[in-house]
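Chemist: I would like to see how this sequence folds:
(chains A and B)
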Amino acid sequence: MHSDAMSTPAPAAIDVTAAAVSFGGFRALDGVGIAVPPGSCFGIVGESGSGKTTLLRAVLGLQRLSAGQVAILGAVQPEVRDFRRQATTIQPIFQDPAQSLSPRRRIGQSMDEVAGCLGEPRDEMRARLAEILQRLGLPPGVVDLYPHQISGGQARRAAIARALLFRPRILVADEPTAGLDVSVQGDLLNLLQEVRAATAVTLLVISHNLAVVRLIADQVAVMHRGRIVEQGDCGLVLQTPQADYTRQLLASWPRARSEGD
Amino acid sequence: MQDKSRSGSIGLHNLSVDFTSRDATPIPVLRDISLDIPPRSVVGLVGESGSGKSTVALALMGLLAPNARVRGGQIQLRERKIACTDGAALAGLRGREFAMIFQDPAASLNPVFSIGAHLHEVLRRCDPQADRTERQARAVAALGTVGFDRPEARMRNHMHELSGGMRQRVVIAMALLARPSLLIAEAPTPAPDVTVEAQVMAQMCALRDEIGCSILLITHSLGLVARYCDQVAVIYAGEILERGAVAEVARQPAHPYTADLFTCDVEIDAPRTGPPLDQRFQVIPGDLPALRDLPKGCIYAPRCARAVAECAAAHPRLRPLADRPGQETRCILTP
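Modeler: Purely as a prediction, here's the structure:
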């Protein structure tokens, strides 16, 4: 951890302090704290059952904490959140983003909901949407189609377009590359990277893909059994891991090219 | 227990499978697939989703969907030759000569039966002479072999009481008792945690050492192939584009698709050039070809950066490389 001596310390985009969640006797989160600087990319890695997704749900207000608190952009979050207001600040991209599109609605109808939420005239929103669709490489005609009429990759993009339409300050992505082939995972990652470069959005990314997190994240937290065993500058943590568990994770990573190359 | 002589490769020759679609047109999902699996070796069949790699596994097990039609193919098992179209013969191999570990271990376990019941069932089928006491002893021993602390207690557990990794080990124990000549293992997708994955792979390799079987690993992970396989076959849209020894293929891919796959794979020690925000990733542009309307020439040519006019002219054959024995490619550009 390095000490900041900046003149105006902006509040962290996401600030989780001493968060705890128990399911029965199982401690899913146990004294977890992270601070995500605005505009940065923060990675959370660890195996399944380590509490990654519970932490993400807590950040989104979908999981009540038994102790601790979550502050978004400096505002401590109440136990019951106003999701309509929250939607403009923080947007999730779920593991299967295509599932966040209603199968009974045309893509355009799902987007219109955003205008309602923002209180924005529909025409203005549609104009912004056209730009976003173009940036994501989706044909404008996609708004007239149902989710089942477009490919899985296009549906992923449409769901991301919807998240971006809110002009969120924070994006939270849960395993964005899970289940994707190597030839297409790069496409989605490049997309997220371009969105970050263009909008300075803060990205909290949860992944078991250490190789990817290592490249795109500024900071990383390694979770194990509901606790953060190590966190800090991404390069530093993964270059010189201090915790045994981090070392074990790195050692288990299968490499496509043999070590001696 | 009959001892299966472990000599000789297991061969699959010229397997072709069609799926019949709703409008009754046959879709050629596998075309001329041949594999050679030497004894005690681990062969990787690597391909992306939709490549047909799981269909190969199901065809070997005789478990294809009802709308699949095997057009041809032959399995060579020691001195026996079995036609892939012969469902009854394949059923005879299933669970005895060939065992399969599916990507979701929960799919192989019945939630209402105990773990012990599953293991007993395998033994009743593979070794009908063994009595209950002997079966029990061997089942407990198998659970111990795959690393359960209190195997006797685990016999009474049900699937929901076990974690994903433990279920995977139960399925491996079942394979251990069946003593197959070939274990077909589907790597789970999306990949589980690397630590669990490493444990499961280590268990499979230990199983191979214990019973002397061969392993066909069905995966989309080049990392797994490089770490655990001796040989690899790269499958794309129902065709094998390249095969050979893993070390050779990784060092010098003989097909552009293989090379592109390696380029897209993000290495754990990939150099980070510049700040995180500037990182970009490799992709292969385009999509899999439509199986109903395959390109006339090389099926990878429409996405291949190296393609020339000649590539689209005629369908290339899988041919051995002159200077690298054992490595085969379909690319006409490779010398």
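
Chemist: mind listing what's buried in stretch A:219-238?
Modeler: A:219-224, A:226-231, A:234-235, A:237-238 (16 or more other CB atoms under 10 Å in any protein chain shown). C-betas here are computed from N, CA, C, even on glycine.

Chemist: contacts with chain B among the residues you listed, please.
Modeler: Counting by CB under 8 Å from any CB of the partner chain, A:234-235 from the buried residues of stretch A:219-238 sit close to chain B.

Chemist: could you list the low-pLDDT ranges of chain B?
Modeler: B:1-7, B:189-192 (pLDDT under 70).

Chemist: what about the strands in it?
Modeler: For chain B, the strands defined by DSSP state E cover B:10-20, B:26-37, B:42-46, B:68-77, B:80-83, B:98-101, B:182-186, B:214-219, B:231-236, B:239-245, B:319-320, B:328-329.

Chemist: any chance of these in TSV, with mean neighbour count too?
Modeler: Shown next, in TSV, are the strands of chain B (neighbours: other CB atoms under 10 Å in any protein chain shown):
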stretch	mean neighbour count
strand B:10-20	19
strand B:26-37	20
strand B:42-46	27
strand B:68-77	18
strand B:80-83	13
strand B:98-101	24
strand B:182-186	23
strand B:214-219	24
strand B:231-236	26
strand B:239-245	24
strand B:319-320	13
strand B:328-329	23
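
Chemist: which among these is found nearest to A:Gln134?
Modeler: strand B:231-236 (31.1 Å; CB to CB).

Chemist: what helices and strands are in contact with that closest one?
Modeler: When contacts are defined as 3 or more CB pairs under 8 Å, 6 or more residues apart in numbering or on different chains; DSSP states H and E, strand B:231-236 packs onto strand B:26-37, strand B:42-46, strand B:239-245, helix B:246-251, helix B:256-264.

Chemist: now render the ones you listed as JSON lines, adding distance to A:Arg85.
Modeler: Shown next, in JSON lines, are the helices and strands packed on strand B:231-236 (distance: least, CB to CB, whole Å):
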{"stretch": "strand B:26-37", "distance to A:Arg85": "50"}
{"stretch": "strand B:42-46", "distance to A:Arg85": "48"}
{"stretch": "strand B:239-245", "distance to A:Arg85": "53"}
{"stretch": "helix B:246-251", "distance to A:Arg85": "52"}
{"stretch": "helix B:256-264", "distance to A:Arg85": "40"}
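
Chemist: ok, which of those comes nearest chain A?
Modeler: Closest to chain A of these is helix B:256-264 (CB to the nearest CB; 4.2 Å).

Chemist: for the closest one, packing partners?
Modeler: With contacts defined as 3+ CB pairs under 8 Å, 6+ apart, helix B:256-264 has these neighbours: helix A:182-199, strand B:231-236, strand B:239-245.

Chemist: repeat that for 10 Å
Modeler: helix A:182-199, helix B:222-228, strand B:231-236, strand B:239-245, helix B:246-251, strand B:328-329 (3 or more CB pairs under 10 Å, 6 or more residues apart in numbering or on different chains; DSSP states H and E).

Chemist: run the angle between it and strand B:239-245 for me.
Modeler: 70 degrees (axes from the mean of the first three to the mean of the last three CA atoms, to 10 degrees).

Chemist: send the alpha carbons of helix B:256-264 over as PDB?
Modeler: Output of helix B:256-264 as PDB, limited to C-alpha atoms (Å, rounded to 0.1, in the frame of the first residue of the first chain):
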ATOM      1  CA  PRO B 256      -2.400 -20.800 -38.800                       C
ATOM      2  CA  TYR B 257      -5.500 -21.600 -36.700                       C
ATOM      3  CA  THR B 258      -3.300 -23.300 -34.100                       C
ATOM      4  CA  ALA B 259      -0.900 -20.400 -34.200                       C
ATOM      5  CA  ASP B 260      -3.800 -17.900 -33.800                       C
ATOM      6  CA  LEU B 261      -5.100 -19.900 -30.800                       C
ATOM      7  CA  PHE B 262      -1.800 -19.700 -29.100                       C
ATOM      8  CA  THR B 263      -1.500 -15.900 -29.800                       C
ATOM      9  CA  CYS B 264      -5.000 -15.300 -28.300                       C
END
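
Chemist: how far out from the middle of the chain is it?
Modeler: Relative to the centre of its chain, helix B:256-264 is centred 19 Å away, using CA atoms, centre = their mean, to the nearest Å.

Chemist: cool, and stretch B:15-24?
Modeler: 21 Å.

Chemist: list the contacts of that stretch.
Modeler: For stretch B:15-24, the external contacting residues (CB atoms under 10 Å, 6 or more residues apart in numbering or on different chains) are B:25-35, B:52, B:55-56, B:58-60, B:64-75, B:84, B:238, B:291-292.
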